[in-house]
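Student: Generate a structure from the sequence data that follows.
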Amino acid sequence: MTSLPVLTYLQRRVAGELLTGDATLLHYPTPISQLLGIEIVAVDERAATVRMAVTTGVHGNQQGTVHGGTIAELADAAIGTAHSTVIREGESFATIELSVRFLRPVWHTTLAAGAWCEHAGRTVSHYRCEIRDDENRLVAIAESAVMTVRGEAADRSGPTRHRTDTTQRGDDWCTRSDSGMTLLRPSATTRCCGSPP
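Tutor: Numbering: from 1, shown residues only. Prediction:
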């Protein structure tokens, strides 16, 4: 297996040039992108374009247009892909702020979201993303802050550091973690996680 930098991996993937055994430290395609049909169509350092076919029959809201959350997810996918291109071993990242301005309704189209970095910080970087329809009309503009985490905070193995178990004690639901026990829903006769009043 050949471990490639994220940018190289994604550029080869977009060009259709991945070899058997090529891998990178992040998971591509992401499960959410597979579920929604989001495809990476262009990528460079701190920049990416993704696209997705949308229809009100699948992505619609109660008003009969494509749900704004679908458009926000597409923007977040473009921004996350753009930022992932600079992530190295021992690092991870998270969107810490996402703001979307919706400019026109969408019904049935292919949306393209192009994201680029406006300010690259050591820990927090700021991105802008334009979402356009298949007629190249601007549908929405997103802005985002993305935080790079390093060391133990970048552990991608899952929530093993802070194990939490939820159990029922009588009429009470309690959660137990490494830091102690917390009452989730007290009954009228209990003061604290199973201790009598």
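
Student: Only the buried residues of stretch 17-24, if you could.
Tutor: Residues of stretch 17-24 classed as buried: Leu18, Thr24 (neighbour count, 16 or more other CB atoms under 10 Å). C-betas here are computed from N, CA, C, even on glycine.

Student: Kindly export it (C-alpha atoms) in PDB.
Tutor: Provided in PDB are the C-alpha atoms of stretch 17-24 (Å, rounded to 0.1, in the frame of the first residue of the first chain):
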ATOM      1  CA  GLU A  17      -5.200   7.900 -12.000                       C
ATOM      2  CA  LEU A  18      -5.300   6.100  -8.600                       C
ATOM      3  CA  LEU A  19      -3.400   2.900  -8.500                       C
ATOM      4  CA  THR A  20      -4.400  -0.200  -6.600                       C
ATOM      5  CA  GLY A  21      -3.000   0.200  -3.100                       C
ATOM      6  CA  ASP A  22      -2.900   4.000  -3.200                       C
ATOM      7  CA  ALA A  23      -4.200   5.400   0.100                       C
ATOM      8  CA  THR A  24      -4.100   8.500   2.200                       C
END
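
Student: In the sheet, which strands lie alongside the host helix or strand of Ile131, parallel or antiparallel?
Tutor: In the assignment (DSSP states H and E), Ile131 maps to strand 124-132. Strand 124-132 has its sheet partners listed here by DSSP bridges as strand 109-119 (antiparallel), strand 138-150 (antiparallel).

Student: Give the buried residues for it.
Tutor: Residues of strand 124-132 classed as buried by neighbour count (16+ other CB under 10 Å): Ser125, Tyr127, Arg128, Cys129, Glu130, Ile131, Arg132.
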